[in-house]
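Novice: Next come a sequence and a model predicted from it.
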Amino acid sequence: MLLAFPHMHSEFLPTELVGKVSTFDPGMVEQDVEGGFRPGNLPLDSKTAHTLIDDCIRFGEQFKDPSEMAYFGVMSTEEFYEGSSLSIRAQLTRQFDDGKGTKAAREEKEAFSKAQFILLLAWFFEERMIELKKLERGIKDSWKSLDTTLGMEDEDRVNGRVLELSATESHTGGQLDEQRVRLPWHRIIEALPLFLPAEAILFCTEQEIYAHWRELEIDFSPAPKGMELPEGAQIASQPVWRFAGRRKQPSTPSLLSEVTVAIME
């Protein structure tokens, strides 16, 4: 199975890959996402997922300076939960703090819950970006319609500086601005392997990410025939922590597991 990385919506994939790779479905909505892969071992249901996301939004609203919130983006998974909203952390822990099962089993379930939460955040962020992109397109179409109604040609609008606002960028961050959605891919690749089948291959669609892997001296080689990868694809198999950019080997078992990544240069 080919799974897109880091994006979870086909709207952010290269056109030639749409329908050829699956996107990860972290369980935010009740119905399975079309063209998505929803694993059967997700610990949080959609109702709990929505509650956690709502809490996270309220948590973010506490910050008047975006740089303060950015502090959490550079933390490791473990550090993030030490400093984030107590309400969010309490809900994640409460899911499995029923005293049933062994301590190790409860800790494992909590780890899966935290990993799903990270993926939910990324999925929700992309949803909002899609909405903004549609809104931006609607605004631009409305300006064009108004120009047509007023009989304004492009040259009139530029030379006469009439309706100049219609030619400005809205800077919503959508692809119409030719800006890319920047996801916390280090955290995503640490969370994904907990839910992937052994045969899954992550197909990276961002040159910036695999350029970073090259800097880490992760060697990619041509994909063997029969792997159902696009022609020219290269692959590498490494422990998760290496792809996540960690400098030292951690003790967390999930980060020691190996994952296979494919790229196209």
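Specialist: Structure received. Quick caveat: nothing in here was measured; it's all calculated off a predicted structure. Residues are numbered from 1 along each chain as shown.
Novice: With adjacent residues omitted, what lies nearest to G27?
Specialist: Closest residue to G27 apart from its sequence neighbours, by CB to CB, 6 or more residues apart in numbering: L42 at 4.6 Å. Backbone N, C-alpha and C define where each C-beta goes, glycine included.
Novice: What is the burial count for the one you found?
Specialist: Neighbour count for L42, taken as other CB atoms under 10 Å: 20.
Novice: F195 is in contact with that one, correct?
Specialist: Yes: assessed by CB atoms under 8 Å, L42 is found in contact with F195 at 6.9 Å.
Novice: ok, back up a step: how about the residue nearest to G27, what does it touch?
Specialist: Shown in contact with L42 (CB atoms under 8 Å, 6 or more residues apart in numbering): P26, G27, F112, Q116, F195.
Novice: Closest one to G245 out of the residues you listed, please.
Specialist: The closest of these to G245 turns out to be F195 (CB to CB; 20.6 Å).
Novice: Three-state assignment for the nearest residue to the closest one once chain neighbours are set aside, please.
Specialist: Distances taken as CB to CB, 6+ apart put P39 closest to F195, at 4.0 Å, once the chain neighbours are dropped. Secondary structure, DSSP: H, G, I helix; E, B strand; the rest coil: P39 is coil.
Novice: Looks like P39 contacts P193 (just checking).
Specialist: No: counting by CB under 8 Å, P39 does not reach P193; the two are 10.9 Å apart.
Novice: so what's E136 scoring on pLDDT?
Specialist: In this model, E136 is scored at 69, pLDDT.
Novice: list the contacts for T23?
Specialist: Residues near T23 by CB under 8 Å, 6+ apart: L3, A4, H7, M8, H9, S10, L13, V33, G35, G36, F37.
Novice: Shouldn't it be within a strand?
Specialist: Yes: T23 sits within a strand when classified using three-state DSSP.
Novice: beta partners of it?
Specialist: Taking DSSP bridges as the rule, T23 bridges to G36.
Novice: now it: how far from F195?
Specialist: 13 Å (CB to CB, to the nearest Å).
Novice: again with A105
Specialist: 17 Å.
Novice: With neighbour numbers in mind, choose between these two.
Specialist: F195 (23 against 11).
Novice: can you pull the contacts of that one?
Specialist: Residues in contact with F195 (CB under 8 Å, 6+ apart) are F24, P39, N41, L42, F112, A115, Q116, L119.
Novice: Go ahead and build a ChimeraX selection from the buried members of these.
Specialist: To isolate the buried ones among the contacts of F195 in ChimeraX, judged by 16 or more other CB atoms under 10 Å, type:
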select :24,39,42,112,115,116,119
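Novice: Contact partners for the residue nearest to F195?
Specialist: F195, L196, P197.
Novice: which one of these sits closest to I209?
Specialist: L196 (17.5 Å).
Novice: show me the contacts for the closest one.
Specialist: Counted by CB under 8 Å, 6+ apart, L196 has contacts L3, P39, L202, V259.
Novice: strand partners of the host helix or strand of the last one, parallel vs antiparallel please.
Specialist: This means V259. According to DSSP states H and E, V259 maps onto strand 258-263. Partners of strand 258-263 in the sheet, by DSSP bridges, are strand 201-204 (parallel), strand 234-239 (antiparallel).
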